[in-house]
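*Asks:* build me a model from this:
(one chain, ligands or ions: 1)
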Amino acid sequence: MSNNYTFILKNGLCFINGKLLKTDLGILNNKIIKIGDIKENSQNIYDASEKVILPGIIDTQVHFREPGSTNAEDLESGSRAAVLGGVTSLFEMPNTNPPTSNLTEFNKKLKAAKNRMHSNYAFYFGATPQNTDQLSDLKGLEGCCGIKLFAGSSTGNLLVDKESDIEKVISNSNRIVSIHSEDEDIIRLRKKFIKKGDVHSHPEWRNVECAMSSTRRVVKIAERYEKKIHVLHVTTKEEVEFLAMHKKNVTFETTPQHLTMYAPDCYNQLGTYAQMNPPLRTKEHYDKLWNAIKNDIVDVLGSDHAPHTKEEKNREYPNSPSGMPGVQTIFPIMINHVNTGKLSLSQLVKLMCENPCKIFGIKNKGFIKEGYDADLTIVDMEKEVTIKDNMIASKCGWTPFNNYKVKGFPVGTVVNGILVMSDGKILINSKGKPLNF
Ligand code: DOR
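*Replies:* Below is the predicted model of the structure:
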């Protein structure tokens, strides 16, 4: 028995240099040290024949609820859901209670995550009108993926809505600023379009211009100051057309929800469970988002995992909160879209592995390469699963994809060289570490 490897994956179809290559992977501790035929033995061998092995999937937008609403989610439960869905790393948002908008709260979150998270992780630092002068000091901050700016209000109380404050945040920051891009003035003005008890009015209230007006504004500011911004959960055809022409300083995300559901059907079927910000919109927007995926205009996918309890979601609209869980389903939903031919495997790997590393500067991840971290998502491309609420590990206990059938499913998740999930079971606890940038 040789001790050269702590873990060997045999005969997998590994995604390497844009292609699937049948090979073995030799891992020593948390690193991939050999790609190729491996004759030696190891105490830990995974037979990956017939399986596709991808670089670990990264979800660049989740909201766990710790501190604050840990009845809906905490760092442990959310990251458990992540690895069950094949996600090896995630970026968590600062709209907790209290918000993660100063170093004390940031360090508390980092401490709370230590030895409790199943996936690797990084946290956003929340911008406020009061902390703009601290944003230039975040360069080496351990476990920080960037700065989050809510230009429009959503769950929690983080908000930077005045143009002069948005400008201060973007111009002062030395990390990428990721933006929830809705125009708060328009949100306020259009409250009259809210129809009590009718969630179909959600996209009328927070309409296309609400998103577009904010996106135009933040892109202009980023260009003026030569700063990098990242527009989160883009939902409109108009923003896609605009952003496609402004790629120099700007990257953007869309979500599997916006690529899988559209109005009015989603509201007919799910009611307030389909309510999120920015909203699910009509098919023309969905079609344009797909067109942008096909043409490699979208940069990353994020689940915008936003758990709320059923009790909260059952409230009458608009008292029902916005958001839906997704960290466990982002990969199954998207790999199914690969199987149905809506995007290629190589596009999915760019969106969920390579681009997050390039855009945010995550070190040593995103590729299956010798010397890189051994974060891997093992996929059975033939496995058919009907997603059910009772499979969901998130404390909220539901998914907007209840009864949705997928072909292609994560059957193994390797985090830092350790198989933490196999066939839907967590094998070992809490091997996640903060990401390095
Ligand atoms: O619908 C949403 N819910 N959108 C957001 O941006 C925040 C999220 C949440 O945290 O609930």
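
*Asks:* most proximal residue of the stretch 51-200 of the chain with respect to the ligand?
*Replies:* Residue nearest to the ligand within the stretch 51-200 of the chain: T155 (3.2 Å; CB to the nearest ligand atom). Glycine gets a C-beta too; all of them are placed from N, C-alpha and C.

*Asks:* ok, now which ones touch that residue?
*Replies:* Residues near T155 by CB atoms under 8 Å, 6 or more residues apart in numbering: 63, 95, 306, 308, 321-323.

*Asks:* what's the local residue count around E167?
*Replies:* E167: 18 surrounding residues under other CB atoms under 10 Å.

*Asks:* which element, helix or strand, includes it?
*Replies:* Assessed by DSSP states H and E, E167 sits inside helix 163-172.

*Asks:* ditto for I53
*Replies:* strand 52-55.

*Asks:* what stretches of this structure score poorly on pLDDT?
*Replies:* Across the chain, the ranges flagged by pLDDT under 70 are 1-3.

*Asks:* go again with 90.
*Replies:* 1-3, 41, 43, 429-431 (pLDDT under 90).

*Asks:* ok, the residue lying closest to I362 once chain neighbours are set aside - contacts?
*Replies:* Counting by CB to CB, 6 or more residues apart in numbering, I362 lies nearest to L435, which is 5.3 Å off, once chain neighbours are set aside. Counting by CB under 8 Å, 6+ apart, L435 touches 89, 120-122, 143, 145, 362-363, 365.

*Asks:* which stretch of helix or strand covers S42?
*Replies:* Using DSSP H and E, no helix or strand contains S42.

*Asks:* that one contacts K10, correct?
*Replies:* No - using CB atoms under 8 Å, S42 makes no contact with K10, being 9.8 Å away.

*Asks:* pick out whichever of those two has more residues nearby.
*Replies:* A count of neighbours by other CB under 10 Å puts S42 above the other of S42 and K10, at 19 against 16.

*Asks:* which bits of the stretch 251-400 of the chain sit near the ligand?
*Replies:* Contact residues, the stretch 251-400 of the chain versus the ligand (CB under 6 Å from any ligand atom): 276-277, 304, 306, 322-323.

*Asks:* can you list the residues you listed in JSON lines and add neighbour count and distance to A72?
*Replies:* Compiled in JSON lines, those are given as follows (neighbours: other CB atoms under 10 Å; distance: CB to CB, whole Å):
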{"residue": "M276", "neighbour count": "26", "distance to A72": "15"}
{"residue": "N277", "neighbour count": "24", "distance to A72": "16"}
{"residue": "D304", "neighbour count": "31", "distance to A72": "15"}
{"residue": "A306", "neighbour count": "26", "distance to A72": "9"}
{"residue": "S322", "neighbour count": "20", "distance to A72": "13"}
{"residue": "G323", "neighbour count": "21", "distance to A72": "10"}
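
*Asks:* shouldn't K10 be within a helix?
*Replies:* No - when classified by DSSP: H, G, I helix; E, B strand; the rest coil, K10 is found to be strand rather than part of a helix.

*Asks:* that one and Y46 touch, don't they?
*Replies:* Yes - counting by CB under 8 Å, Y46 is a contact partner of K10 at 6.9 Å.

*Asks:* now do the shared contacts for those two.
*Replies:* Counting by CB under 8 Å, 6+ apart, K10 and Y46 have no shared contacts at all.

*Asks:* and M93, what is it in contact with?
*Replies:* Here M93 is in contact with 61-63, 124, 126, 148 (criterion: CB under 8 Å, 6+ apart).

*Asks:* redo those as CSV? Include secondary structure, neighbour count and distance to T6.
*Replies:* Shown next, in CSV, are the contacts of M93 (DSSP: H, G, I helix; E, B strand; the rest coil; neighbours: other CB atoms under 10 Å; distance: CB to CB, whole Å):
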residue, secondary structure, neighbour count, distance to T6
Q61, strand, 28, 32
V62, strand, 28, 29
H63, coil, 27, 34
Y124, strand, 27, 32
G126, strand, 26, 38
K148, strand, 28, 36
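
*Asks:* now for those residues: which two are most distant?
*Replies:* Pairwise distances across the contacts of M93 (CB to CB) peak at 14.5 Å, for the pair V62 and G126.

*Asks:* next, the angle helix 163-172 makes with the longest helix anywhere in the chain.
*Replies:* In the chain, taking DSSP state H as the definition, the longest helix is helix 208-225. Orientation check (axes from the mean of the first three to the mean of the last three CA atoms, to 10 degrees): helix 208-225 against helix 163-172 gives 40 degrees.

*Asks:* now do the buried residues in helix 208-225.
*Replies:* Buried residues in helix 208-225, counted by 16 or more other CB atoms under 10 Å: 208, 210-219, 221-222.

*Asks:* one more: stretch 352-372?
*Replies:* Counting neighbours by 16+ other CB under 10 Å, one finds that the buried residues in stretch 352-372 are 352-357, 359-360, 362, 364-368, 372.

*Asks:* burial count for the closest residue in space to A374 that isn't next to it in sequence?
*Replies:* Leaving aside its chain neighbours, A374 sits nearest to G417 (4.0 Å; criterion: CB to CB, 6+ apart). Counted by other CB under 10 Å, the residues lying close to G417 total 21.
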